[in-house]
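Visitor: Need a 3D model of the following:
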Amino acid sequence: IRNKIAILVAGGIFITLLPLAFLAVQWLEHQALEDLKREALITADFLSDAVSASVDLEDGDSVNRALESATRRKNIVFIQVYNVNEELLTSYQTERAGILHFPKQTDHPQSLNPKNGIVVALHPIPSPINNEVSIGTFVLGISTELLEERTHQFRIAGLGISIILFVVG
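Guide: Here you go, the predicted structure:
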């Protein structure tokens, strides 16, 4: 009888805590996605300011030089810079961007939900003379590969904790 009660208690603990562990993993996954979207917006904000004067002059070579250090980051999948007429001034690895559909013009910073493993951030490029005026759009694509790795680790950790609790129970 004692063994049967112990198995029932352990099973009850396992059945109760397993969904809680997976809810915790989902919450952590959501937080990680929000952090990635925030990172994309912050990076796009910084880089849109960096290319502002070059976009104002519509000098694609200067825009490329301004973006050179950003293109070394491994998680940046693509960058596109559009002028106010939605003409592409410069781009970096646009073949990955071709599979996505996003607006070429925006009035406010926005981060789109991931599609095809990429989070896209859109940011208006401010005029170097008046920050209130937009002279183009900066589009940044960041890979969700690291996020997916962390989510996989969270799921394994949740399952491991559940198994440990079952054994302890």
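Visitor: can you map out the strands along the chain?
Guide: 76-83, 88-92, 110-115, 118-126, 134-143 (DSSP state E).
Visitor: Check which helices and strands the longest one is in contact with.
Guide: When contacts are defined as 3 or more C-beta pairs under 8 Å, 6 or more residues apart in numbering; DSSP states H and E, strand 134-143 sits against helix 2-50, helix 52-56, strand 76-83, helix 94-97, strand 118-126. Any C-beta I mention is one placed from the backbone N, CA and C, and that applies to glycine too.
Visitor: Quick one: mean pLDDT over it.
Guide: The average pLDDT for strand 134-143 rounds to 90.
Visitor: Please apply the same query to the third one.
Guide: The average of the pLDDT scores along strand 110-115 is 87.
Visitor: Just want the angle from it to strand 118-126.
Guide: 160 degrees (axes from the mean of the first three to the mean of the last three C-alpha atoms, to 10 degrees).
Visitor: If we ignore the residues flanking it in sequence, what's nearest Ser54?
Guide: Ser62 (3.6 Å; C-beta to C-beta, 6 or more residues apart in numbering).
Visitor: Distance check, Asn131 against Ile79.
Guide: Distance, Asn131 to Ile79, by C-beta to C-beta, to the nearest Å: 21 Å.
Visitor: more neighbours, these two?
Guide: Shown here are Asn131 and Ile79; by other C-beta atoms under 10 Å, Ile79 has more neighbours (24 against 11).
Visitor: Of the helices and strands packed on strand 134-143, flag the one that's most buried.
Guide: strand 118-126 (a mean of 24; mean count of other C-beta atoms under 10 Å).
Visitor: Now find how far off-centre that strand is within its chain.
Guide: How far strand 118-126 lies from its chain's middle: 11 Å, per C-alpha atoms, centre = their mean, to the nearest Å.
Visitor: Check which helices and strands it sits against.
Guide: Packing partners of strand 118-126 (3+ C-beta pairs under 8 Å, 6+ apart): helix 2-50, helix 52-56, strand 76-83, strand 110-115, strand 134-143.
Visitor: cutoff 10 Å now
Guide: Identification of packing neighbours for strand 118-126 by 3 or more C-beta pairs under 10 Å, 6 or more residues apart in numbering; DSSP states H and E yields helix 2-50, helix 52-56, strand 76-83, helix 94-97, strand 110-115, strand 134-143.
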